[in-house]
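**Q** predicted structure and sequence below. I'll ask about it afterward.
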Amino acid sequence: MRLSDRDINTIKGVVTRAIKSNNYDMCNRVAYKVKTFKKNYRNVS
């Protein structure tokens, strides 16, 4: 399973809005979810 263009654009949009509003906690949560996804994907492959 790979991230689609839609997934990437969603992540980019969330991070962009979080940075504009100085909500770095949200950036950290998105980063954690992406890392978790990548870790789980590697374990399945």
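**A** Right, received. Where do you want to start?

**Q** kindly format the C-alpha coordinates of the longest helix seen in the chain as CSV.
**A** Secondary structure of the chain per DSSP state H: the longest helix is helix 24-44. Provided in CSV are the C-alpha atoms of helix 24-44 (Å, rounded to 0.1, in the frame of the first residue of the first chain):
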residue,chain,number,x,y,z
TYR,A,24,2.8,22.8,16.0
ASP,A,25,1.1,20.2,18.1
MET,A,26,-1.0,19.3,15.0
CYS,A,27,2.2,19.1,12.9
ASN,A,28,3.6,16.6,15.5
ARG,A,29,0.5,14.5,15.4
VAL,A,30,0.5,14.3,11.6
ALA,A,31,4.2,13.4,11.6
TYR,A,32,3.5,10.7,14.2
LYS,A,33,0.6,9.2,12.1
VAL,A,34,2.8,9.2,8.9
LYS,A,35,5.7,7.5,10.8
THR,A,36,3.3,4.9,12.2
PHE,A,37,1.8,4.2,8.8
LYS,A,38,5.3,3.8,7.3
LYS,A,39,6.4,1.5,10.2
ASN,A,40,3.3,-0.7,9.8
TYR,A,41,3.7,-0.8,6.0
ARG,A,42,7.3,-2.0,6.4
ASN,A,43,6.2,-4.7,8.7
VAL,A,44,3.6,-6.0,6.3
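
**Q** off-centre distance for it?
**A** 6 Å (CA atoms, centre = their mean, to the nearest Å).

**Q** so what touches it?
**A** Applying CB atoms under 8 Å, 6 or more residues apart in numbering, the contact partners of helix 24-44 are 1, 3, 11, 14-15, 18-19. Using the backbone N, CA and C atoms, a C-beta is placed for each residue, glycine as well.

**Q** now the residues you listed in a markdown table, with distance to Asp25, secondary structure and neighbour count?
**A** Formatted as a markdown table, these follow (distance: CB to CB, whole Å; DSSP: H, G, I helix; E, B strand; the rest coil; neighbours: other CB atoms under 10 Å):
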| residue | distance to Asp25 | secondary structure | neighbour count |
| --- | --- | --- | --- |
| Met1 | 27 | coil | 8 |
| Leu3 | 22 | coil | 13 |
| Ile11 | 16 | helix | 15 |
| Val14 | 12 | helix | 16 |
| Val15 | 12 | helix | 16 |
| Ala18 | 8 | helix | 17 |
| Ile19 | 12 | helix | 12 |
